[in-house]
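**Student:** Fold the stuff below for me.
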Amino acid sequence: MRWLWLYLMLPVVVLRAEVPLTGEDIVARAAEAAGGEAWLFASTNVMRGHATLCRNGNPDACVHAEDYVMWREYPTELEDAHAGSGRFRLDARTSGRVLFQSSFDGTHMWSHEGRLPPERARESQESNFGFSAIRFAGRPGFPVDRLVDDTMEGHPAWVVRVRDPADGSTLFWIDQETALILAAAWQTPMGWHQRSYSEYYRVDDPGFMQPGRVRLYYDGVKTADIRWTEASINVPIADEVFVLGLAGRE
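**Tutor:** Take a look at the predicted model:
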């Protein structure tokens, strides 16, 4: 009876099963790691660096863009994550020579050769737009599904699928240790497209985590290796920057 009394005097320990993270929990962690509201509601980003570009993944067709610049105006509303949203322009130059230019002015797609016809414009949009889905994840019309965990280049990763009101979907791999976004992927007319993000650095004003390296793959074949060495957040961008027919031939 003495041992029974001692046993009854021991503190009661209640074991609680760990509640698994939902997809919404994971994207909330990713947003916080990327900079919180400074990342979620950034208005613009001007990124500068250099890139190696390989058409169709052919090593004999690789070129190096010494000057690689993107002007991005982030969308404040989104219906289709894989259609043109916000505005953007991308310039690739080497030794002062234009390798290519591409832009979306909010309505039309442009290249250094002029405005793209509707079919080519839509193909270009589907191949270039998609990352913004995660900034809208969890809002009405953007449900988030948690998928099977994975690893991405040795990093244990959560995997989520963000769907949009246009019935599109985008996959994201998120580092389980840092909550930084490791990759995004979606189906495009050019094949299954994946972007891998690494070598992050912090832009102190306003507190925005910028990937220093972005690699692009189509059907598993690498086509671009981009190094962003500078990023300026929330800087004003003139309207004419996005219309190559007006400003793209300097």
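**Student:** any idea how far Ser85 is from the residue nearest in space to the middle of the chain?
**Tutor:** What sits nearest the mean C-alpha location of the chain, by Cα atoms, centre = their mean, is Phe131, with 3.6 Å. Distance, Phe131 to Ser85, by Cβ to Cβ, to the nearest Å: 10 Å. Bear in mind the C-beta positions are built from the backbone N, C-alpha and C, glycine included.
**Student:** and if you look at Ile181?
**Tutor:** On the measure of Cβ to Cβ, Ile181 and Ser85 end up 18 Å apart.
**Student:** ok now the host helix or strand of Asn45, how far from the chain's centre?
**Tutor:** Element membership of Asn45, judged by DSSP states H and E, is strand 44-54. With Cα atoms, centre = their mean, to the nearest Å as the basis, strand 44-54 stands 14 Å off its chain's centre.
**Student:** got the buried residues for it?
**Tutor:** 44-54 (16 or more other Cβ atoms under 10 Å).
**Student:** Tell me the first helix or strand C-terminal of that strand.
**Tutor:** strand 62-73.
**Student:** Could you list the paired strands of that following strand along with their orientation?
**Tutor:** strand 44-54 (antiparallel), strand 87-94 (antiparallel) (DSSP bridges).
**Student:** could I get those as a markdown table with distance to Ala121?
**Tutor:** Shown next, in a markdown table, are the strands paired with strand 62-73 (distance: least, Cβ to Cβ, whole Å):
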| stretch | distance to Ala121 |
| --- | --- |
| strand 44-54 | 21 |
| strand 87-94 | 13 |
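**Student:** Redo those as JSON lines? Include distance to Asp145 and mean pLDDT.
**Tutor:** Listed next are these as JSON lines, based on distance: least, Cβ to Cβ, whole Å; pLDDT from 0 to 100:
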{"stretch": "strand 44-54", "distance to Asp145": "28", "mean pLDDT": "98"}
{"stretch": "strand 87-94", "distance to Asp145": "28", "mean pLDDT": "97"}
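**Student:** Quick one: closest of those strands to Arg213.
**Tutor:** Among the strands paired with strand 62-73, the nearest to Arg213 by Cβ to Cβ is strand 44-54 (9.1 Å).
**Student:** What segments of this structure are strands?
**Tutor:** 44-54, 62-73, 87-94, 97-104, 109-111, 114-115, 144-146, 150-152, 155-163, 169-175, 181-188, 191-203, 208-218, 221-233 (DSSP state E).
**Student:** can these go into TSV with extra columns for distance to Ser127?
**Tutor:** As requested, those are exported to TSV (distance: least, Cβ to Cβ, whole Å):
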stretch	distance to Ser127
strand 44-54	14
strand 62-73	15
strand 87-94	12
strand 97-104	10
strand 109-111	11
strand 114-115	17
strand 144-146	23
strand 150-152	21
strand 155-163	18
strand 169-175	13
strand 181-188	4
strand 191-203	6
strand 208-218	8
strand 221-233	10
